[in-house]
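Asker: Below is the structure, and that's it, no one-letter string:
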């Protein structure tokens with residue numbers, strides 16, 4: 001072997017970051033003598049902010065831009081990256097992180113919401129690269145292969161999660177636009193040759209250049225817009241209908257990923273629901289600089305600064321709005337946090353499966369469940385959720401002990417499709433025309449727009465599409481399951497992809513491969529009919545549907561999307577191994593701070609690490625890497641079957657205890673392996689861990705209960721976090737002795 005393979009483990013945020021302080025020393029101890037290096041690369045929100053302004057900081061505080069270096073690495077055959085969940089930062093989260101960094105002594109600038117000077121605009125542009133889903137588009141130089149591992153599926157069948165009952169008289173449903181949205185205004189074209197596209201806004205005889213976008217030959221480029229008038233009219237109708245029918249009103253968006261468009265849409269929903277309040281107190285709200293794009297929580301926070309009499313008058317009017325209804329779905333009934341308080345509190349790919357699992361209901365202000373109107377303004381993929389709801393109303397809840405699986409092959413490489421569109425999304429400033437012209441001045445795409453409309457352009461390169469088709473066929477051959485390409489021939493973008501699909505499918509031997517092309521609603525119905533029979537169906541989808549489905553079906557199948565195996569075969573030959581969803585991570589940190597109990601389950605990290613070792617073995621011939629991967633997989637299976645996952649309750653096993661048991665099971669598997677050198681090396685380790693099991697478990701439990709402060713939420717103090725997450729001196733001594 002001519003090189004020392006390196007695993008690049010990522011330092012991220014919240015609960016996964018805390019877990020890393022406990023698990024990474026174990027990984028390094030187990031790999032130390034196997035010729036494998038494990039580095040830690042900081043892609044946390046705090047790390048990204050510091051990297052963005054490193055040139056403004058003193059030398060001692062300057063940091064490397066680890067995300068940029070990992071992005072470059074992802075384009076090489078040597079890449080082996082384990083990517084934990086990170087914060088897709090909303091503006092309020094980013095402001096909180098900035099304030100914490102400033103308190104820690106870093107002179108990073110405040111976030112300028114309304115930049116007026118060139119310097120403020122430059123600062124905002126830097127923060128724009130940090131905000132939202134800043135990490136994934138950089139690292140994902142390959143398409144996604146996501147599925148439930150066999151051990152996870154077997155465990156779920158033996159230990160089924162709770163599913164709420166459905167009744168035929170359920171009034172829960174999805175409400176979506178029938179016109180004027182992104183789906184209905186979409187235009188799409190495949191570029192025959194490389195060029196530079198210019199996005200222009202033409203109004204009042206003046207042309208304003210908004211962005212220049214280089215594109216490659218064969219690239220699919222779309223443009224669309226959501227009409228403000230159509231959106232507001234739709235929202236008004238849905239609020240009125242929810243009031244009339246007595247169901248909860250809820251809004252389901254993806255403001256963390258669609259970081260320009262969805263906060264604007266969210267703001268319109270806030271204004272519509274609280275219309276009477278905004279009309280009566282318009283002048284006060286303007287004086288307070290209320291920003292509805294941050295949710296109704298911004299109103300609550302800013303009226304709290306008013307004199308008591310004025311504040312109470314507004315609060316009385318607010319209660320009148322609530323009394324008039326409709327009732328709002330709640331994020332936290334006890335604290336009065338509604339569905340409309342914060343844009344990133346209700347994220348569609350997590351909130352809709354949770355609703356479906358709970359009999360199609362959401363929580364109301366009284367803390368009870370109630371039928372709900374799930375409002376999803378853009379109709380591009382709303383039919384997916386309605387199809388599942390229809391199926392549950394007709395046939396009842398799914399049975400985790402018998403249901404099949406819907407693994408996903410997702411087109412996401414090189415910023416494919418909608419998630420790459422933040423920097424090409426604009427709120428139209430004035431009535432006129434939005435258009436895209438090529439380098440020769442030819443108009444490629446054109447829309448008549450009005451002030452307040454939301455216009456966006458997105459793109460997907462040809463090479464990722466070709467690779468996506470290859471990956472879908474490969475998975476179908478490997479599993480024998482049919483593959484469904486979720487493409488709607490009546491949608492312009494999908495029609496372009498269908499032509500590509502027809503071009504690239506014949507490049508492969510399709511013997512034994514069953515494949516279909518279906519629009520999302522029909523594909524959902526086809527898939528759920530099969531999973532009720534215990535049959536598997538591969539979903540081959542674009543980027544947004546990839547995100548939606550890899551939460552929807554895993555949550556229904558195994559209770560969580562965090563237990564999925566997520567592999568990204570990078571197009572250059574490397575590997576990116578993702579470790580599951582982090583949507584619940586903030587609540588885990590709150591509990592950790594309150595009572596020193598971290599219920600984060602690192603199962604995703606165990607699964608990703610095992611595959612990472614196997615990738616090294618395949619690429620380099622490192623025999624020890626193969627054994628490390630196989631034995632970690634065996635240890636993970638024992639971890640599941642012996643139920644060593646973290647408990648939700650304090651003074652029971654938590655994340656730190658789960659790491660100990662995985663280390664124990666892993667060492668025992670290595671000690672019993674057919675690799676003589678590894679077996680000899682780990683036999684005493686396994687013996688020491690087993691003999692000290694009771695003591696280590698006790699040391700890990702006895703620290704729980706009191707509050708815990710690790711010196712920061714976004715930027716913990718490393719020494720304090722290490723001490724908190726490694727409280728067993730006995731375990732630490734054994735690991736250090738390796």
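Answerer: Right, received. Where do you want to start? Because the structure is a prediction, the values reported are computed rather than measured.
Asker: Return the list of helices and strands in contact with the helix or strand hosting residue 209.
Answerer: Secondary structure from DSSP states H and E places residue 209 in strand 206-215. Where contact means 3 or more CB pairs under 8 Å, 6 or more residues apart in numbering; DSSP states H and E, strand 206-215 is packed against strand 195-203, strand 454-460. Backbone N, C-alpha and C define where each C-beta goes, glycine included.
Asker: Redo those as CSV? Include mean neighbour count.
Answerer: Below are the helices and strands packed on strand 206-215 laid out as CSV (neighbours: other CB atoms under 10 Å):
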stretch, mean neighbour count
strand 195-203, 18
strand 454-460, 25
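Asker: before we move on, back to that, next one: the strand holding residue 209 to chain centre, how far?
Answerer: What separates the centre of strand 206-215 from the centre of its chain is 30 Å, taken as CA atoms, centre = their mean, to the nearest Å.
Asker: So residue 38, which state does it fall into?
Answerer: Applying DSSP: H, G, I helix; E, B strand; the rest coil to residue 38 yields a three-state assignment of strand.
Asker: Am I right that it is in contact with residue 6?
Answerer: Yes: if you go by CB atoms under 8 Å, residue 38 and residue 6 touch, sitting 7.4 Å apart.
Asker: the more surrounded of these two?
Answerer: residue 38 (21 against 16; other CB atoms under 10 Å).
Asker: Mind checking what helix or strand follows the helix or strand harbouring residue 119 in sequence?
Answerer: Counting by DSSP H and E, the element that carries residue 119 is helix 118-128. Towards the C-terminus, the helix or strand next in line after helix 118-128, according to DSSP H and E, is helix 136-139.
Asker: Number of residues surrounding residue 390?
Answerer: Residues near residue 390, counting by other CB under 10 Å, number 17.
Asker: I meant to write residue 370 there.
Answerer: By the measure other CB under 10 Å, the count of residues near residue 370 is 20.
Asker: Show me what it is bridged to.
Answerer: Beta-bridge partners recorded for residue 370 (DSSP bridges): residue 362.
Asker: Tell me who's in contact with it.
Answerer: 247-248, 327, 361-364 (CB atoms under 8 Å, 6 or more residues apart in numbering).
Asker: Closest to residue 731 out of these?
Answerer: Checking these against residue 731 by CB to CB gives residue 363 as the nearest, at 39.8 Å.
Asker: give me the low-pLDDT residue ranges for the stretch 401-550 of the chain?
Answerer: Low-confidence segments of the stretch 401-550 of the chain (pLDDT under 70): 420.
Asker: Also the chain?
Answerer: Low-confidence segments of the chain, defined by pLDDT under 70: 1-3, 420, 581-584.
Asker: all helices for the stretch 151-300 of the chain, in order.
Answerer: Secondary structure of the stretch 151-300 of the chain, counting by DSSP state H, counting those that start in this stretch: helices at 228-245, 261-273, 275-280, 282-287, 296-303.
Asker: Residue 381: how many residues sit nearby?
Answerer: One way to gauge burial is a neighbour count; for residue 381, by other CB under 10 Å, it gives 23.
Asker: any idea how far residue 334 is from it?
Answerer: Per CB to CB, to the nearest Å, residue 381 is found 32 Å from residue 334.
Asker: Check residue 212 too.
Answerer: Look at residue 212 and residue 334: by CB to CB, they are 50 Å apart.
Asker: Could you do residue 345 as well?
Answerer: Taking CB to CB as the measure, residue 345 and residue 334 are separated by 14 Å.
Asker: Residue 719 now?
Answerer: In this structure, residue 719 and residue 334 are separated by 35 Å, where distance is defined by CB to CB.
Asker: same question, residue 683
Answerer: In this structure, residue 683 and residue 334 are 52 Å apart, going by CB to CB.
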